[in-house]
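1. Here you go, sequence then predicted model.
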Amino acid sequence: MESNVRMRILNQIRDVAGRAVICDRRFLDDEQLIRSEQLELLDTVFNANVRDAEIQELSSHFVGLFRGGHPAHLAIWGKTGTGKTLTIHYFLNLLSEMCREQGITFRHEHLDLSTPQPCFRAFNDLACLLGASRRYRQGISLEELMLRIESALAAYEGYFVLIVDECDHVRRDAETFFAFLIRRLPQSVRAKLILVLVSNKLDWPDHLDPRVKSFLKMNELLFTPYNALDLQHILQIRVNRALEPGVMDEGVVEKISALASREHGDARKAVNLLAKSAYLAEKGAGRITLAVVDQAKEELDRDRFLLMIRTAPAQLQAVMAAAIDAVHKAQHGPVGSAEAYSEYKLVCERASLRPLSPRAFADLLAELDLYSLLRTRVMSRGRYGRTREIFVDLPDELVARIRDTVAANLGISKPTGTTTQ
DNA sequence: TGTCCACAGGAAATACGGGGGT
DNA sequence: ACCCCCGTATTTCCTGTGGACA
């Protein structure tokens, strides 16, 4: 008896092992790699002439450092996933090594503003980074933080490179923050400060106070999205490390990179798609075929939407539910924002939620549009006014699952009768 | 051609909550 | 315990507008 079970399990293991697809799954997920492996991977990537031009630019920008000069600030533009952060990190690590060899005092810090933050949090993060403060939520005055930052740097002489990643995320009073970095800080400390502003908005400095802007002498460096060829290089490196040889069909790498470069040129997402495909293949056919890639892409999209809606604030979920219900009720006719709003009030009642004003409702709709959970379009119906038409054009199955998720999250008892099936 | 609907969407005001300093 | 500072979420108020209709 027992040995039968064991035999069966052993056979299963052998079976799965026989069609193993992945030999080292850590290389499909950067989080799992240890630092030296990451660096080594980067070496390989950069050796493949990817981002060659950009590294050249960086070198010539910072070369003055070795002659005792003071390189200007640097602005780096490029969309997400184009390797801005990675490249600058890689480069600065090299640079700091060279400086150490030559006895030049050099330090670099990375201020990551990857989630939108008010200027207070930006200051706070910076102070933490310098070990000058603990994390505050609120309450302490900005001036206090500035003083702490200054005193943390007071004793330091030498080059100090501060990477401000996603610098456009400083909302509200970005002025204060950058005025401090650009004008006040360099005057109050002896360190030679070099700012590296990273952003994905080209027009970012236009929002800045002209007086601050004129103070900001900087070079610019543009990262263009990876093209399909670069992505192929990057993916191929992962494939070599992570997958068993010969498990991929012809053209899979090409397909993934084409999909990724067409949609966003984001390398991380491309690797993600590769990983998902590999997992699917391992559970199923044992080979990564073009069809598997399609399936993986679909599932990734679906998971993204579901995660997004599940973690969204309650009001946003209610608006989404209302939109779905309204579209459902209207059969195929267009749904105006007014109808959606009254539907929304019903949802709120069922979920015992306080309904927001129409104005706030409209903003939430716009947010959902931004996430492409739905589409809106302003239509003028002449005499009959203007309204925003709402469409939900996701697969039915996904819509149903979103509806269920929201219903569960908001604790709606009666699922409104529209959910037939 | 002008009118005027029924909203869109910007700006300012207000409400609220949480945390530090004293 | 009290006050002040700050951030976020909403509301209130407002101006703008495409095009059917008279």
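-> Perfect, I can see it now. Numbering: from 1, shown residues only, chains lettered A, B, ... in the order given.
2. residues contacting whichever residue of the stretch 251-400 of chain A sits closest to DNA strand B?
-> Nearest residue of the stretch 251-400 of chain A to DNA strand B: A:G385, at 1.7 Å (CB to the nearest atom of the strand). (Glycine included, C-beta is placed from N, CA and C.) Shown in contact with A:G385 (CB atoms under 8 Å, 6 or more residues apart in numbering): no residues.
3. Ramachandran coordinates for it?
-> Dihedral pair for A:G385: phi 80, psi -170, per degrees, to the nearest 10.
4. now do A:R388
-> phi -110, psi 120.
5. Grab the nearest non-local neighbour of it.
-> Using CB to CB, 6 or more residues apart in numbering and skipping residues adjacent in sequence, the residue nearest A:R388 is A:S337, 4.4 Å away.
6. Would you confirm that that neighbour contacts A:L364?
-> No: using CB atoms under 8 Å, A:S337 is not in contact with A:L364, being 10.9 Å away.
7. rewinding a little: please determine how far the residue of the stretch 251-400 of chain A closest to DNA strand B is located from A:M379.
-> As judged by CB to CB, to the nearest Å, A:G385 and A:M379 stand 10 Å apart.
8. same question, A:F62
-> Distance from A:F62 to A:M379, by CB to CB: 53 Å.
9. quick one, which of these two is more surrounded?
-> Higher neighbour count among A:F62 and A:M379: A:F62, with 22 against 13, using other CB atoms under 10 Å.
10. Report whether that one is found in a strand, as I expect.
-> No: per DSSP: H, G, I helix; E, B strand; the rest coil, A:F62 lies outside any strand segment and is helix.
11. got the contact list for it?
-> By CB under 8 Å, 6+ apart, the neighbours of A:F62 are A:71, A:95.
12. How about A:V50?
-> A:V50 neighbours (CB under 8 Å, 6+ apart): A:83, A:226, A:230, A:233-234.
13. which residues are contacting stretch A:185-194?
-> A:70-74, A:149-150, A:153-154, A:156-162, A:181.
14. Filter the residues you listed down to the buried ones.
-> A:71, A:73-74, A:149-150, A:153, A:159-162, A:181 (16 or more other CB atoms under 10 Å).
15. Now intersect those with the helices, please.
-> When DSSP state H is applied, those are split such that A:149-150, A:153 fall in helices.
16. neighbours around A:L145, how many?
-> So A:L145, with other CB under 10 Å, has 23 neighbours.
17. pretty sure it is in contact with A:R121, am I right?
-> No: between A:L145 and A:R121 there is no contact under CB under 8 Å: 10.2 Å.
18. Reformat the buried ones among the contacts of stretch A:185-194 as a markdown table; add pLDDT.
-> Shown next, in a markdown table, are the buried ones among the contacts of stretch A:185-194 (pLDDT from 0 to 100):
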| residue | pLDDT |
| --- | --- |
| A:P71 | 83 |
| A:H73 | 85 |
| A:L74 | 85 |
| A:I149 | 78 |
| A:E150 | 79 |
| A:L153 | 78 |
| A:Y159 | 87 |
| A:F160 | 87 |
| A:V161 | 88 |
| A:L162 | 87 |
| A:L181 | 77 |
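19. Which one of those residues is nearest to DNA strand B?
-> Nearest to DNA strand B among the buried ones among the contacts of stretch A:185-194 is A:I149, at 14.3 Å by CB to the nearest atom of the strand.
20. give the contact list for the nearest residue to that closest one once chain neighbours are set aside.
-> Among residues not flanking A:I149 along the chain, A:A127 sits closest, at 5.2 Å (CB to CB, 6+ apart). By CB under 8 Å, 6+ apart, the contact list for A:A127 reads A:133, A:145, A:148-149, A:152.
21. Regarding stretch A:243-254, how distant is the last residue from the first?
-> 16 Å (CA to CA, to the nearest Å).
22. Buried ones in that stretch, by neighbour count?
-> A:243-244, A:247-249, A:252-253.
23. Kindly report the same for stretch A:83-99.
-> Neighbour count says stretch A:83-99 has A:83-92, A:95-96, A:99 buried, by 16+ other CB under 10 Å.
24. And stretch A:381-397, by the same measure?
-> So for stretch A:381-397, counting by 16+ other CB under 10 Å, buried means A:387-390, A:392, A:394.
25. is DNA strand C contacted by it?
-> Yes: Stretch A:381-397 lies within reach of DNA strand C by CB under 7 Å from any atom of the strand, at A:381-386.
26. so how far is DNA strand C from the residue nearest to A:V253 when sequence neighbours are not counted?
-> Nearest non-adjacent residue to A:V253, counting by CB to CB, 6+ apart: A:L235, 5.1 Å away. From A:L235 across to DNA strand C, the span is 37 Å (CB to the nearest atom of the strand, to the nearest Å).
27. So which residues make contact with the helix or strand containing A:L235?
-> Taking DSSP states H and E as the definition, one finds A:L235 inside helix A:228-242. Residues from elsewhere that reach helix A:228-242 (CB under 8 Å, 6+ apart): A:22-28, A:41, A:44-45, A:48-51, A:226, A:248, A:253-254, A:256-258, A:260-261, A:265, A:267, A:270-271, A:274, A:278.
28. Show me how to select, in ChimeraX, the buried members of those residues.
-> A single ChimeraX command is used to select the members of the contacts of helix A:228-242 judged buried by 16+ other CB under 10 Å:
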select /A:22,27,28,41,44,45,50,51,226,248,253,256,257,260,261,265,267,270,271,274,278
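29. so what's the residue nearest to A:R388 up against?
-> So A:S337 contacts A:358, A:361-362, A:365, A:376, A:387-388, A:390 (CB under 8 Å, 6+ apart).
30. Just send these back as JSON lines, with pLDDT and secondary structure too.
-> Compiled in JSON lines, the contacts of A:S337 are given as follows (pLDDT from 0 to 100; DSSP: H, G, I helix; E, B strand; the rest coil):
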{"residue": "A:P358", "pLDDT": "91", "secondary structure": "helix"}
{"residue": "A:F361", "pLDDT": "92", "secondary structure": "helix"}
{"residue": "A:A362", "pLDDT": "91", "secondary structure": "helix"}
{"residue": "A:L365", "pLDDT": "91", "secondary structure": "helix"}
{"residue": "A:T376", "pLDDT": "89", "secondary structure": "strand"}
{"residue": "A:T387", "pLDDT": "90", "secondary structure": "strand"}
{"residue": "A:R388", "pLDDT": "90", "secondary structure": "strand"}
{"residue": "A:I390", "pLDDT": "90", "secondary structure": "strand"}
